[in-house]
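[1] Structure, please.
(2 chains)
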Amino acid sequence: MAGKTIVRVSGVTKNFDLGKIVVEVLKGIDLEIEEGRYLSIMGPSGSGKSTLFNMIGGLDKPTSGKVFIDEVDIAQLDAYELAWLRCRKIGYIFQTFNLIPVMTALENVTLPMTFAGVSNDEAVEQGMALLKQVGLDGRHTHKPTELSGGQQQRVAVARALANSPAIVLADEPTGNLDLKTGEDIIDLLKELSSERKVTVISATHDYKMLNVSDQVIWIRDGRVEKIQERSELEIRTGGLE
Amino acid sequence: MKRLIALPFRKSLEIAYQSIRVRFFRSLVTTTSLVLAVAFLCYMRSCNDFAQGLLNSGDISGYQTLVKAGYDVSLGSDVIAASAKQQWIVTLSLLVCIVGIINAQLMSVTERFREIGTMKCLGALDRFIVRLFVLEALMQGLVGSVAGSFLGVVSALISSLLGLGTGILISFPWLALGFSMLLSIVVGTGLSLIGVIYPAIIAARMQPVEAMRLEH
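    The predicted model follows:
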């Protein structure tokens, strides 16, 4: 069952210098994430999960230690290569959706493709297909403000998948959604991940996520507390019921 | 492996245009200060152009009208130059205008922090962001300056007709007016571009991690 390692985190620490005091947010994290899995990073607020998440996404640099994506040390990349990585290898989904408000749903989805050098016609065609796949057929001309929260997040999911990335990073994707809509988004992510063999990594404290995760990483106080496989989880939740 | 990120020029033009259209009223406010400053510059120059035209006609009555209207001309001189006071006022108004533009553009950058951060997460390079802001400023600058220069010429024509009489129509200074308008447009567009440089750099340097931060 051992697949290719897509993300490797080794000895990552992160300090935030607040002037008078230095806060140690991550205190040495080692992780290996296999390709094509659905993974949740769980932990209470302030445990450092968002920080770890930003490191994996190449949005922030660790104080020490290394993050490898596809065996490339992202600290070694220059601005162009980093932009390329963000554009082609990683898809981001945010808690607050973060669609570009002045663009329509379709334009939001095609923007990463434009950055990647895909021709306009091709981008429109693929964008429509993606929107259809996330269940937003016929809503492509709508602006984000004309869509509900769940629909906006669907557009964001389509956008994250635009350049067929290897990894989709979802930072509390259900945080701003109600129970039912959150479940829909989780199902959608799970479906897309198994269909497209994309590695989905989500930071969350939504327990609904556990049901679909292949692996759950528990973070507490800047360290990995435990890593649970899906099989272990089912026993646990079974025991609770 | 080819690792190039691209944003075709046409696409950036499209995004910039859309940005202005959607935030029409904000753009209008930013542009209005430019329109007024450019109109003032053009008005001052055009008034002098009309007076110059009247003087060049060589008519003695024209000369008398100019003196009556308060122009500083002596018989025999053939150039009407902008007075030092006029130059100061115009310079000052342009300075105020540029400060206004910087202020408005900084506001617009702050407003769009999340949008810029998101774009960077999607792979936008710093220079795409700068290009978008510069293109927006260029469009606003051109439209505002053209509008301002027309406003300036028209108001100069009206005020000269009232102040100097219909004599100015006989020796209408087409060429000089055209030059004044062109100069005003160039200056106005230049101001708009200068005003956007600092805000655009701030926007481009923003780290994408800001977009992830929760702030409503």
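
[2] In the chain, where's the longest helix?
    I went with chain A, as the question did not name one. helix A:179-196 (DSSP state H).

[3] that's the wrong chain, I meant chain B
    helix B:126-164.

[4] what's it packed up against?
    On a contact count with 3 or more C-beta pairs under 8 Å, 6 or more residues apart in numbering or on different chains; DSSP states H and E, helix B:126-164 meets helix B:9-22, helix B:24-56, helix B:84-111, helix B:113-121, helix B:167-170, helix B:174-205. (Each C-beta comes from the backbone N, C-alpha and C, glycine too.)

[5] Redo these as CSV? Include mean neighbour count.
    Shown next, in CSV, are the helices and strands packed on helix B:126-164 (neighbours: other C-beta atoms under 10 Å in any protein chain shown):
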stretch, mean neighbour count
helix B:9-22, 16
helix B:24-56, 22
helix B:84-111, 16
helix B:113-121, 23
helix B:167-170, 16
helix B:174-205, 19
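
[6] do you know which of these lies nearest residue A:160?
    Closest approach to residue A:160 among the helices and strands packed on helix B:126-164 (C-beta to C-beta): helix B:113-121, 9.8 Å.

[7] Let me know the angle separating the closest one from helix B:174-205.
    Calculated by axes from the mean of the first three to the mean of the last three C-alpha atoms, to 10 degrees, helix B:113-121 forms an angle of 70 degrees with helix B:174-205.

[8] re earlier: give me the residues contacting the longest helix of chain A.
    A:36, A:38, A:93, A:133-135, A:148-150, A:153-154, A:157, A:161, A:164, A:168, A:170, A:173-174, A:177, A:198-200, A:202, A:206, A:208-209, A:212 (C-beta atoms under 8 Å, 6 or more residues apart in numbering or on different chains).

[9] what does chain A put close to chain B?
    Residues of chain A that fall close to chain B, judged by C-beta under 8 Å from any C-beta of the partner chain: A:50, A:54, A:57, A:59-60, A:79-81, A:83-84, A:86-88, A:92, A:94-96, A:98-103, A:111-112, A:114-117, A:120, A:159, A:171.

[10] low-scoring stretches of chain A, by residue?
    A:1-2, A:234-241 (pLDDT under 70).

[11] where do the helices sit along it?
    A:49-56, A:79-88, A:105-115, A:120-133, A:149-160, A:179-196, A:230-240.

[12] Can you say which of the contacts of helix A:179-196 are buried?
    A:36, A:38, A:93, A:133-134, A:150, A:153-154, A:157, A:161, A:168, A:170, A:173-174, A:177, A:198-200, A:202, A:206, A:209, A:212 (16 or more other C-beta atoms under 10 Å in any protein chain shown).

[13] Same list, the helices and strands packed on helix B:126-164, but as TSV with mean pLDDT please.
    Below are those laid out as TSV (pLDDT from 0 to 100):
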stretch	mean pLDDT
helix B:9-22	88
helix B:24-56	90
helix B:84-111	91
helix B:113-121	88
helix B:167-170	81
helix B:174-205	93
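
[14] Quick one: those as JSON lines, columns for distance to chain A too.
    JSON lines is the format used below for those (distance: least, C-beta to the nearest C-beta, whole Å):
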{"stretch": "helix B:9-22", "distance to chain A": "4"}
{"stretch": "helix B:24-56", "distance to chain A": "11"}
{"stretch": "helix B:84-111", "distance to chain A": "10"}
{"stretch": "helix B:113-121", "distance to chain A": "4"}
{"stretch": "helix B:167-170", "distance to chain A": "47"}
{"stretch": "helix B:174-205", "distance to chain A": "11"}
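
[15] Would you mind giving those helices as TSV with distance to residue B:148 added?
    Shown next, in TSV, are these (distance: least, C-beta to C-beta, whole Å):
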stretch	distance to residue B:148
helix B:9-22	17
helix B:24-56	3
helix B:84-111	10
helix B:113-121	29
helix B:167-170	22
helix B:174-205	6
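
[16] of the ones you listed, which approaches residue A:11 most closely?
    helix B:113-121 (25.6 Å).

[17] which strands and helices sit next to that closest one?
    Helix B:113-121 packs on helix A:79-88, helix B:126-164, helix B:209-212, going by 3+ C-beta pairs under 8 Å, 6+ apart.

[18] Centre of chain A to the edge, which residue is at the far end?
    residue A:20 (33.2 Å; C-alpha atoms, centre = their mean).

[19] What's the separation between that residue and residue A:51?
    The span separating residue A:20 from residue A:51 equals 20 Å under the rule C-beta to C-beta, to the nearest Å.

[20] In contact with the spatially most central residue of chain B: list those residues for me.
    Nearest residue to the geometric centre of chain B (C-alpha atoms, centre = their mean): residue B:188, 2.4 Å. By C-beta under 8 Å, 6+ apart, residue B:188 lies in contact with B:34, B:37, B:38, B:41, B:141, B:144, B:145, B:148, B:149.

[21] now it, nearest residue through space, not along the chain?
    Among residues not flanking residue B:188 along the chain, residue B:145 sits closest, at 3.0 Å (C-beta to C-beta, 6 or more residues apart in numbering or on different chains).
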